[in-house]
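*Asks:* below are the sequence and a predicted model; questions follow.
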Amino acid sequence: MSEAKRIDGKAFAEGLRARVAARVQKLKEDHGVTPGLAVVLVGEDPASQVYVRNKGKQTIEVGMESFEFKLDATATEGDLLDVVEELNADPNVHGILVQLPLPDHMDEAKVINTISPDKDVDGFHVINSGRLMTGQEAMIPCTPYGCLMLIKDALGDNLSGKRAIVVGRSNIVGKPMAQLLLDAHCTVTIAHSRTRDLAGECSRADIVVAAVGRERMIKGDWIKPGACVIDVGINRIPAPEKGEGKTRLVGDVDFDEAVQVAGAITPVPGGVGPMTIAVLLANTVTACCRSLGIQEPDA
């Protein structure tokens, strides 16, 4: 059997950013408005700093306004909530993202739920979660939305009747991913590390989304031949072949095994990862359109 098609998330994300840039230009020309994305960072976490920097760079590249707010790790929860409330009231800001994780003395749920649901471009607000669950218009979490785009690119827009399994039950990826697949008329199983006979559950699925946070947990012989495999996992492991102290990234799926069985599969890195910021930008355009009461673009 030939190897699976590698789903190129980097290329798809590049195309999505190009479409976002075109939509931003049209909003400027037709409505005289520039979508604005505000990112709030608390503390000095190196990974978060890199991520925020990349978000700002890509926001500007597609022609949107980028607003960055940085607070010391010693800032109070009240200080952060004040910033969020100011951004809620700012008509030039259409999307608000508070970079996670937050310092231990801050309540993440309280902070997220202080963001206006209509500006919650991460899709984490409890109101957006409820809207998504009940089939109402919502801001959709970026990573699962990006996964759905990659699945449809690999399998086509009609997913009706396909069996799907989501391995992982987080509020950020697992649960909204399952709902999106349900909305696409798939038959969906939500599994996790404690699921009995997880291998058997996976082997029945036409679509496998791995978001459990355990390196190479899902083996090749768990995969139904020809299935579409979306690996959300990002796990850093030692890479002695690169030199002492070196590391490399692997997913939640044993790629070398699964690529021999699947029909299409995302690599790690280069699969789901690049999609998250691209979808964030698309969500900001959507939020801007909704705020103006004009037709929003298709994904």
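*Replies:* Thanks, I have the structure now. Numbers count the residues shown, from 1 in each chain.

*Asks:* what about the residue nearest to Gly123 when sequence neighbours are not counted, neighbour count?
*Replies:* With CB to CB, 6 or more residues apart in numbering as the criterion, Gly123 has its nearest non-adjacent residue at 3.8 Å, and that residue is Pro141. Just so you know, the C-beta spots here come from the backbone N, C-alpha and C atoms, and that holds for glycine as well. Using other CB atoms under 10 Å, Pro141 has 30 neighbouring residues.

*Asks:* same deal with Ala199?
*Replies:* As a burial measure, Ala199 scores 12 neighbours (other CB under 10 Å).

*Asks:* let me see the domain layout of the chain.
*Replies:* As given by automatic domain parsing, the domain ranges for the chain are 31-117, 142-275.

*Asks:* show the pLDDT at the closest residue to Val42 other than its chain neighbours.
*Replies:* Once flanking residues are discounted, Val42 sits nearest to Leu71: 4.6 Å by CB to CB, 6+ apart. Leu71 is assigned a predicted lDDT (pLDDT) of 96.

*Asks:* same deal with Val259?
*Replies:* We have a pLDDT of 98 for Val259.

*Asks:* next one: the one 4 residues further on
*Replies:* On pLDDT, Gly263 comes in at 98.

*Asks:* same question, Ala164
*Replies:* Reading off the model, Ala164 has pLDDT 98.

*Asks:* element containing it, please.
*Replies:* In this structure, Ala164 sits in strand 163-167 according to DSSP states H and E.

*Asks:* partner strands of that strand and their direction?
*Replies:* Using DSSP bridges, the strands paired with strand 163-167 are strand 187-191 (parallel), strand 207-210 (parallel).

*Asks:* what's the most buried one of those?
*Replies:* Mean neighbour count, computed with mean count of other CB atoms under 10 Å, is highest for strand 207-210 among the strands paired with strand 163-167, reaching a mean of 29.

*Asks:* any idea how far that strand is from the middle of the chain?
*Replies:* Chain-centre distance of strand 207-210: 15 Å, with CA atoms, centre = their mean, to the nearest Å.

*Asks:* give me the contact list for that strand.
*Replies:* Here strand 207-210 makes contact (CB atoms under 8 Å, 6 or more residues apart in numbering) with 147, 151, 155, 159, 162-168, 177, 181, 186, 202, 217-218, 223, 227-233, 251-253.
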